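In: heads up, no residue letters with this:
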């Protein structure tokens with residue numbers, strides 16, 4: 001008898017992109033915040049996907065760093081990221097005060113740029129999170145906005161109650 005796992009094809013393994021191909025950064029709480037432009041970051045994400053590299057990108061605002069100063073796990077997640085972008089003007093101003101060329105890289109704007117640019121490479125997208133209605137609407141809306149966009153699926157995992165014991 002063949003096991004279920006043996007009959008399913010294995011997913012292609014993704015390579016880790018190290019080090020990130022950003023030009024510069026500044027440090028905040030030991031986190032390297034990208035000092036780069038919007039186009040460079042969108043290009044980095046597209047290129048990582050095109051080359052089948054895994055890349056962990058965090059779009060962080062000041063609030064993210066305030067919470068990270070109180071939450072060691074969040075701080076470690078930011079420190080382990082391949083790229084942390086400044087998603088808010090206070091981080092941009094801090095980077096500029098430190099002599100860096102920094103642009104605000106807002107997560108939703110980056111998503112739109114990546115979806116738009118990914119079409120020329122035939123990249124596929126999977127939308128994950130939120131409620132079933134929201135994630136399905138997002139997939140439909142983005143497919144309409146970007147003709148030729150390859151959406152391979154969408155999933156909204158069930159919510160669970162939060163508890164302090166977990």
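Out: Perfect, I can see it now. For clarity, every value in this text was computed on a predicted model and none was experimentally measured.

In: what's the residue closest to the geometric middle of this protein?
Out: Centre of the chain computed as the mean C-alpha position; nearest residue by Cα atoms, centre = their mean is residue 57, 3.9 Å away.

In: Could you list which residues are in contact with that residue?
Out: Residue 57 sits next to 41, 45, 81, 82, 83, 84, 85, 110 when contact means Cβ atoms under 8 Å, 6 or more residues apart in numbering. C-beta here means a position set from N, CA and C on the backbone, and glycine is covered the same way.

In: what about 7 Å?
Out: 45, 81, 82, 83, 85 (Cβ atoms under 7 Å, 6 or more residues apart in numbering).

In: residues of the host helix or strand of residue 92 that come out buried?
Out: Using DSSP states H and E, residue 92 sits in helix 89-97. By neighbour count on 16 or more other Cβ atoms under 10 Å, the buried set for helix 89-97 is 91, 92, 94, 95.

In: Please convert these to CSV, extending it with pLDDT and distance to residue 65.
Out: Putting the buried residues of helix 89-97 into CSV (pLDDT from 0 to 100; distance: Cβ to Cβ, whole Å) gives the following:
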residue, pLDDT, distance to residue 65
91, 97, 8
92, 96, 13
94, 96, 10
95, 95, 13
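
In: quick one: the helices in this structure?
Out: Assigned by DSSP state H, the helices in the chain fall at 4-7, 38-50, 62-70, 72-80, 89-97, 107-118, 132-145.
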